[in-house]
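1. Need the 3D shape of this:
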Amino acid sequence: MTDTVLIAGASGIVGSAAAEVFSQEGWSVLGLARKPIAQQGVTPVAADLLDPASLQAAVAGLKPTQVILSSWLRQATEAENIRVNSAMVRNILDALRPAQSVRHVALVTGLKHYLGPFEAYGKGTLPQTPFREDQARLDIENFYYAQEDEVFAAAARDGFAWGVHRPHTIIGKAVGNAMNMGTTLAVYATICRETGRAVRFPGSATQWNSLTDMTDAHLLARHLLWAMTTPAAANEAFNVVNGDVFRWKWMWPRLAHWFGIEAEEFDGVVRPLEQQMADDAPIWRDIATRHHLVEPDIDRLISAWHTDADLGRPIEVVTDMTKSRKLGFALYQPTDEAFFALFDQLRRERLIP
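-> Below is the predicted model of the structure:
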């Protein structure tokens, strides 16, 4: 019997990559989203995770054996993030309970588990790097913790295994996504090339000079598949990164070079993308018209605020993968090549010229 995975957030960076990987491996894939997109090998399920009645109707008759939770909604405060995003997890697990088919639930969170929520991002007393999964939770409210607690409670009640997956900044393709550094930088570099503007690093001196790592969306999808099919990986939390480390002082000019332009040397002045790109909507619309691109709305492509949050951090952020390595997960993805593969995809799909 073919295993069936239901992916909540199937149109996002994580969900779309997971849908592709799981379908390629012969799984039956159910792609749940408020507005599902067409994906090869994926059965769309239209549902709102915040509407329990419609959600229950949408999943009635479905019997997924595995579930991936990769959806969240950004709110104005962390208290609202906790209320809304924990409800989304609770509602989908409640809706699936009557079928009693679920054997494993994977929750995708991230390094805000160690860094704190956006309200207090990278502030206060933080764990020592590299971040390890056995480090205690921060003494601060965090919607990731609330989501975990919903999964743990449902697992204890309903008898399924669970996994928590904590990627660093994810490199992948999704339109209309709230956290999308790769496409944001691609749009920024394109605008700089088309207008002759200087390519200026938007972040902090710490991020420019310190070591960091990132997570390719397809590597994360492979990690989800591995954890679901490896008995020793059940009921564990895992960090998930590409395996390499780099400094932005090395990466930034490499990314600019892919677009055929030269990056300015960082002079220590923080120039957030939200400021650099504040007036770029009409410029992008003109670029999209001239090059016959499929998405003229810049706000559907970029998340400058999120890129600024990551590149502006005042601390080094490096992630430990020892737990996964010891249990047998050995995939590795050079981060510069992950960026280049994304840029190639964006060009093929006419999202950038």
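2. hmm, who's touching the longest helix belonging to the chain?
-> As assigned by DSSP state H, the longest helix anywhere in the chain is helix 78-96. With Cβ atoms under 8 Å, 6 or more residues apart in numbering as the contact definition, helix 78-96 has outside contacts at 6, 8, 32, 49-52, 55-56, 58-59, 62, 64, 67, 69, 71-75, 102, 105, 107, 117-120, 141-143, 146-147, 149-151, 154, 158. Placement of C-beta: from N, CA and C, glycine included.
3. The same query, at a cut-off of 7 Å, please.
-> For helix 78-96, the surrounding residues in contact (Cβ atoms under 7 Å, 6 or more residues apart in numbering) are 8, 49-50, 52, 55-56, 59, 64, 67, 69, 71-73, 75, 102, 117, 119, 141, 143, 146-147, 150-151, 154.
4. How far off centre is it?
-> Relative to its parent chain, helix 78-96 has a centroid offset of 18 Å by Cα atoms, centre = their mean, to the nearest Å.
5. In it, which residues are buried?
-> 78, 81-82, 84-93, 95-96 (16 or more other Cβ atoms under 10 Å).
6. Are any of the contacts of helix 78-96 buried, and if so which?
-> Members of the contacts of helix 78-96 classed as buried by 16+ other Cβ under 10 Å are 8, 49, 55-56, 59, 64, 67, 69, 71-72, 102, 117, 141, 143, 146-147, 150-151, 154.
7. In strands, which of those appear?
-> With DSSP state E as the criterion, strands contain 8, 67, 69 from among the buried ones among the contacts of helix 78-96.
8. would you list the residues you listed in CSV and tack on pLDDT and distance to residue 207?
-> Formatted as CSV, these follow (pLDDT from 0 to 100; distance: Cβ to Cβ, whole Å):
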residue, pLDDT, distance to residue 207
8, 97, 32
67, 98, 35
69, 98, 29
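9. what bridges to residue 30?
-> Per DSSP bridges, the residues bridged to residue 30 are residue 6, residue 43.
10. you'd agree it is up against residue 62?
-> Yes - contact status for residue 30 versus residue 62: in contact at 6.2 Å, counting by Cβ atoms under 7 Å.
11. When these two are compared, which one has more neighbours?
-> Neighbour count, other Cβ atoms under 10 Å: between residue 30 and residue 62, residue 30 has more, with 23 against 16.
12. What pLDDT is listed against that one?
-> Residue 30 carries a pLDDT score of 97 in this model.
13. List the residues that contact it.
-> Applying Cβ under 7 Å, 6+ apart, the residues near residue 30 are 4, 6-7, 43, 45, 62, 64.
14. could you redo the last one with a cut-off of 6 Å?
-> Counting by Cβ atoms under 6 Å, 6 or more residues apart in numbering, residue 30 makes contact with 6, 43, 45.
15. Just the buried ones from those, in PyMOL syntax?
-> To isolate the buried ones among the contacts of residue 30 in PyMOL, judged by 16+ other Cβ under 10 Å, type:
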select buried, resi 6+43+45
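16. quick check, nearest of the contacts of residue 30 to residue 265?
-> residue 6 (48.1 Å; Cβ to Cβ).
17. out of the contacts of residue 30, who's nearest residue 214?
-> residue 6 (27.1 Å).
18. can I assume the closest one is in contact with residue 64?
-> Yes - judged on Cβ atoms under 6 Å, residue 6 makes contact with residue 64 at a distance of 3.8 Å.
19. residue ranges with poor pLDDT in the stretch 151-300 of the chain?
-> Within the stretch 151-300 of the chain, not a single segment meets pLDDT under 70.
20. hmm, try it at 90
-> Residues of the stretch 151-300 of the chain meeting the criterion pLDDT under 90: 174-179.
21. now the strands for it?
-> Using DSSP state E, counting those that start in this stretch, the strands of the stretch 151-300 of the chain run over 161-167, 170-171, 211-212, 215-216, 236-240, 246-247.
22. need these in CSV with distance to residue 270 and mean neighbour count, can you?
-> Listed next are the strands of the stretch 151-300 of the chain as CSV, based on distance: least, Cβ to Cβ, whole Å; neighbours: other Cβ atoms under 10 Å:
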stretch, distance to residue 270, mean neighbour count
strand 161-167, 25, 23
strand 170-171, 23, 27
strand 211-212, 16, 18
strand 215-216, 24, 28
strand 236-240, 28, 21
strand 246-247, 17, 14
